[in-house]
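Undergrad: For reference, the sequence and a predicted model appear below.
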Amino acid sequence: MYRLAALWAALAVPLWAGIVWFRPDAAGWPDAARTIEWHARAMVSGFAGAVIVAFLVAQLRRWPADRGPLAWSLLAAWLAARALSLSPPDLARYAQFADLLFFGIAAIVLGRRAMRAPAPSNLLFAAAPLVLMLSVAAPLQVLEMVSILIAVLAGRVVPGLVNARVPGRPARIRPDLERIALGSLVAAIGLRAAMPDSAVADLAAAFAALANLYRWWSWRPLAGMRADLRLAAMLFAYAWLPVWLLVDAAGEWAPPAAGTHALAAGLVGGMTWAMMNRMLAEPLGPPAWPERVGAAALVVAVVARFALAFAPPGAFATLAWLAVGGWSLAFAGLAARGLGGAALR
């Protein structure tokens, strides 16, 4: 499932960019893919949602070894949603129902697990696909909720990895800072939803940005980045969380696309790539050159896409090609990882 989601990410972005940015007058493009709404649903429901489901439904990591009916149903629903989204408009409108079916099946799988072992984490995971269902109508709002999940998981994983890779165990985990950083993030998202374009929401976003920046810095990111490429990818991705919040707090002073892509491409896309890379690269040993190329391509893509929101017209084409090409190269590398030898998981 990871490889399919990575392949979709590698193809959907250049497809949409070709339709909207590079060759809008060319014949043969799918009409349903000509809108920003298609792009948002393709990347949130189709890509990020699929990766989150694959992460939560552990059996799918062993695909195709696990050939249970629910595993096949999940795969079929996801493939149907992607095919319908590229169909003529009369059929494309049914893609959202296939996505809802995909998340609904995942909720059944995780709900059954939660009923057998009603631990708080299992109950939370069972609710995640229900939240992801909202992505068919409100993808950006769902990405904001996904940022909370990423912030929680990063706090549990990243400091431990830094301390395992860097002598002296320099990363610090302060419970008070954890509560402030995560609580302020939740508050900033809630206030932005309840009081959009208000000074209170802007101040909350700015405070959350500083709290999460301090949290990130307490993990000793520079030492961690020097020590391990895969850890560096996680630290790079999390750094976009305070950037997104600061741009959001700037309001009209910053282009909306800058904040949207700091969140979508930088935080969610970057952390998703880092997580999938660790999953797929684990049996292959230390980072090889394709992994290094993918990591570098992702950095170029994210920075170029963020800069694109501020760039003058003359720089648009260069930055757009860097953003699209880097993103596709990074995720195409994941999709191809180990296909020549390692067993699919």
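TA: Received the coordinates, thanks. Numbers count the residues shown, from 1 in each chain.
Undergrad: can you list the weak-confidence ranges in the stretch 1-150 of the chain?
TA: Low-confidence segments of the stretch 1-150 of the chain (pLDDT under 70): 58-67, 121.
Undergrad: if you set the cut-off to 50 instead, what comes out?
TA: Along the stretch 1-150 of the chain, segments meeting pLDDT under 50 span 59-64.
Undergrad: Would you map the helices across it?
TA: In the stretch 1-150 of the chain, the segments counted as helices under DSSP state H, counting those that start in this stretch are 2-17, 36-41, 49-56, 69-85, 89-92, 95-116, 120-132, 139-165.
Undergrad: most neighbours per residue, which of these?
TA: Highest mean neighbour count among the helices of the stretch 1-150 of the chain (mean count of other C-beta atoms under 10 Å): helix 49-56, with a mean of 24. Any C-beta I mention is one placed from the backbone N, CA and C, and that applies to glycine too.
Undergrad: now it against helix 120-132, angle please.
TA: 160 degrees (axes from the mean of the first three to the mean of the last three C-alpha atoms, to 10 degrees).
Undergrad: Mind pulling up the pLDDT for the spatially most central residue of the chain?
TA: Centroid-nearest residue in the chain, with C-alpha atoms, centre = their mean: Val268, separated by 2.9 Å. Here, the pLDDT recorded for Val268 equals 95.
Undergrad: now Leu339
TA: With respect to pLDDT, Leu339 has a value of 56.
Undergrad: same question, the one 4 residues further on
TA: Each residue has a pLDDT score; the one for Ala343 is 34.
Undergrad: related to what we said a few turns ago, I figured the residue nearest to the centre of the chain hits Ala48, correct?
TA: Yes - when contacts are counted by C-beta atoms under 8 Å, Val268 is listed as touching Ala48 (5.6 Å).
Undergrad: Please enumerate the shared neighbours of these two.
TA: 143, 146 (C-beta atoms under 8 Å, 6 or more residues apart in numbering).
Undergrad: quick one on the thing from earlier: is it possible to export the helices of the stretch 1-150 of the chain to CSV including distance to Leu235?
TA: Formatted as CSV, these follow (distance: least, C-beta to C-beta, whole Å):
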stretch, distance to Leu235
helix 2-17, 21
helix 36-41, 27
helix 49-56, 19
helix 69-85, 30
helix 89-92, 39
helix 95-116, 29
helix 120-132, 24
helix 139-165, 7
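Undergrad: Nearest to Met234 among these would be which one?
TA: Set against Met234 and scored by C-beta to C-beta, the helices of the stretch 1-150 of the chain come closest in helix 139-165, at 5.5 Å.
Undergrad: ok, then the element right after that closest one?
TA: Downstream of helix 139-165, the next assigned helix or strand under DSSP states H and E is helix 175-194.
Undergrad: Could you pull out the buried residues of that following helix?
TA: 177-178, 180-182, 184-186, 188-189, 191-192 (16 or more other C-beta atoms under 10 Å).
Undergrad: And the helices of the stretch 1-150 of the chain: which comes nearest Ala301?
TA: Nearest to Ala301 among the helices of the stretch 1-150 of the chain is helix 2-17 (8.9 Å), distances taken as C-beta to C-beta.
Undergrad: gap between the closest one and the chain center?
TA: Relative to its chain's centre, helix 2-17 lies at 13 Å (C-alpha atoms, centre = their mean, to the nearest Å).
Undergrad: Check stretch 164-181 too.
TA: In terms of C-alpha atoms, centre = their mean, the centre of stretch 164-181 is found 24 Å from the chain centre.
Undergrad: just to revisit the earlier point, okay, the buried residues of helix 175-194 in TSV with pLDDT and distance to Leu263 next?
TA: Shown next, in TSV, are these (pLDDT from 0 to 100; distance: C-beta to C-beta, whole Å):
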residue	pLDDT	distance to Leu263
Leu177	93	22
Glu178	93	21
Ile180	96	20
Ala181	95	16
Leu182	95	16
Ser184	96	16
Leu185	96	12
Val186	95	15
Ala188	95	12
Ile189	95	11
Leu191	94	16
Arg192	91	12
